[in-house]
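J.: prediction below, plus the sequence it came from.
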Number of protein chains: 2
Amino acid sequence: MSETCVLVLDADPLPRLERLEGRARIVHADEKSLAERLPEADVLLVWDFLSNAVREAWPGEGARPRWVHTPSAGVDRLLPELAGSDVVLTNARGVFDQPIAEYVAGLVLAMAKDFFGSRELQRQRRWQHRETMRVGGSRAVVVGSGPIGRKIGRTLRGLGVQVDLVGRTQRDGDPEFGRVHGSGALHGLLGEADWVVCVAPLTEESRGMFDAAAFSRMKRSARFINVGRGQHVVEDDLVEALLSHRISGAALDVFMEEPLPVESRLWDVPGLLVSPHMSGDTVGWRNDLAEQFLDNFDRWYAGEPLLNVVDKDLGYVRAD
Amino acid sequence: MSETCVLVLDADPLPRLERLEGRARIVHADEKSLAERLPEADVLLVWDFLSNAVREAWPGEGARPRWVHTPSAGVDRLLPELAGSDVVLTNARGVFDQPIAEYVAGLVLAMAKDFFGSRELQRQRRWQHRETMRVGGSRAVVVGSGPIGRKIGRTLRGLGVQVDLVGRTQRDGDPEFGRVHGSGALHGLLGEADWVVCVAPLTEESRGMFDAAAFSRMKRSARFINVGRGQHVVEDDLVEALLSHRISGAALDVFMEEPLPVESRLWDVPGLLVSPHMSGDTVGWRNDLAEQFLDNFDRWYAGEPLLNVVDKDLGYVRAD
């Protein structure tokens, strides 16, 4: 096989690429030069996965790479544009499962035990005993039934939480969760949940699914956690739900606009924790992402089927 | 059996005592009147378990109750004074296991994911992505091998943490943990730990065990959590370890002096989370504690052996 041209969307060098030596020629592009460089590429690695440049350059003029890999779980910055071509799209399925599950479990426990309240009282040098919530025996609805959602569900169950998993369509007989609910069941489930976790892929169906109607179904004591995409949430509706004490708290790791603008009112809504899209990013994550791409490149080079091929119509990797 | 006199150390009424109707007469005492009331009591319920009044009134003049129950896990406010008499001492073994395990797991995750850093950056409206720590695969040393320590160990293991449990004496063949290390092994274990958790009973042996020598054995990246007793820690040594970055962080739920005085320097040591002795206190905990006492009273009244009898020489309930 002749040398493959791997085009990397990112100006900076990335880790571990020495593994490609002798098999691939590496070309870097930034958002500006991407369109011009695409025709020479066999493979596109969207290392800067927060960029919209690929979508904007697609389909464009000339040859297109046959394979596009994004080192993210979500592919919403590439679709629907790539769906119209026969390019093979792969993602980072698997890398973020454990980190995001730990992050969500941490948020659940931190909110149950009111750590943020303790921190604020500490700032004020106030000793104020409170009774906290027992997590064991509480109930969670996890929206998103891919590997990350499943790992979140498994982790919360390990803490004694009853978990309902919600996917696009209902399926029964799941070996771990029994029934995975379809999205139509969501509103019915919300009223029972102490914790509502969003980790769904962003699709036309899921966009804006957490709106005033959804928040109005939740318990007043419920907490909402979003580690999916900012566009899953109607942010103004969430702010209103928090200000009116319709729900008790929320944590957002993702936002409509990222970085969150300094003037956004989300920064200081009472009961809302803001974090900068980092739930999956543990030390060494860039190495893990590079290794995952390189493992798939080995398969590509050997003519074997790629792993983690995204169903471009669904917007995620179809479950086996 | 004639009516039993139950003396309650606490001015306020407590929950669920209607279960005693017809079997016991309930008398309340406060710290001042305790000594005077003790001779008429068959049973002493130390409802105000943060008080030192029992120790101060013991042995005193006249008859003593035959049974003393404290609704706490630790009995350090009653010993060694009660050890010299033949009174039966029982404690709240069991009630705090799950709440404290959740609390510690929450602290581990919150520190790993830097939630407190995110909160502070949020106050400053700063979007600053950081890489966080993967909890799975990290290592913890849990000092205290009673039911709370075991439950903490079990919960952390459920999150993928490797756990070493340290008790007073080494024992092998533990069905869950294999070897439970003896306290002599502690310093050797500290160098491997990402998390050091203190939940030991306070005894002459364990007092001050977390001192400069102990902190000097820990990794610079280690975090220390104390949900045992304030007297386990040489607070000045901990402050020094944090200020000199000898260790990376700590969370104290218990203190030498409680409530922590407003002028204490512990309130604003960087990297130290202060909370007001609440790790075990989930909503409904007072009911749970009352029910536990009442269940034991049923046994007492029926002439059956009591549960959770403390070995007054050891300072805790001996493992089965």
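T.: Right, received. Where do you want to start?

J.: where along the stretch 1-150 of chain A do the strands fall?
T.: Applying DSSP state E, counting those that start in this stretch to the stretch 1-150 of chain A gives strands spanning A:4-9, A:24-29, A:43-45, A:67-69, A:88-90, A:139-143.

J.: quick one, domains of chain A?
T.: A:4-94+A:283-301, A:97-274 (automatic domain parsing).

J.: ranking those by burial, who's on top?
T.: domain A:97-274 (a mean of 20; mean count of other Cβ atoms under 10 Å in any protein chain shown). From N, CA and C alone the C-beta is placed, and that goes for glycine too.

J.: measure that domain end to end?
T.: Using Cα to Cα, to the nearest Å, the end-to-end distance of domain A:97-274 comes out at 21 Å.

J.: cool, stretch A:274-293 as well?
T.: Start-to-end span of stretch A:274-293 (Cα to Cα) is 31 Å.

J.: same deal with stretch A:19-29?
T.: 20 Å.

J.: got the contact list for the closest residue to A:M111 other than its chain neighbours?
T.: Using Cβ to Cβ, 6 or more residues apart in numbering or on different chains and skipping the chain neighbours, the partner closest in space to A:M111 is A:R223 (5.1 Å). The contact partners of A:R223, taken as Cβ atoms under 8 Å, 6 or more residues apart in numbering or on different chains, are A:V108, A:M111, A:D194, A:W195, A:V196, A:I247, A:S248, A:G249, A:A250, A:A251.

J.: likewise A:V309?
T.: Taking Cβ under 8 Å, 6+ apart, we find A:V309 in contact with A:V88, A:L89, A:T90, A:V317.

J.: any idea which of those residues is closest to chain B?
T.: Nearest to chain B out of the contacts of A:V309 is A:V317 (Cβ to the nearest Cβ; 22.4 Å).

J.: that closest one reaches A:G146, doesn't it?
T.: Yes. Using Cβ atoms under 8 Å, A:V317 is in contact with A:G146, at 7.2 Å.

J.: hey, what's in contact with both of these two?
T.: Common neighbours of A:V317 and A:G146 (criterion: Cβ under 8 Å, 6+ apart): A:R93.

J.: and the gap between A:V6 and A:A57?
T.: The gap separating A:V6 from A:A57 is 17 Å, by Cβ to Cβ, to the nearest Å.

J.: which residues of the stretch 51-200 of chain A fall in helices?
T.: All helices of the stretch 51-200 of chain A, identified by DSSP state H, counting those that start in this stretch, fall at A:53-57, A:97-112, A:115-123, A:147-158, A:186-190.

J.: out of the ones you listed, the one nearest A:L289 is which?
T.: Closest approach to A:L289 among the helices of the stretch 51-200 of chain A is made by helix A:97-112 (11.7 Å; Cβ to Cβ).

J.: the closest one packs against which elements?
T.: helix A:147-158, strand A:223-226, strand A:249-252, helix B:97-112, helix B:115-123 (3 or more Cβ pairs under 8 Å, 6 or more residues apart in numbering or on different chains; DSSP states H and E).

J.: give me the residue from the stretch 151-300 of chain A nearest chain B.
T.: Counting by Cβ to the nearest Cβ, the stretch 151-300 of chain A gets nearest chain B through A:P259, at 3.8 Å.
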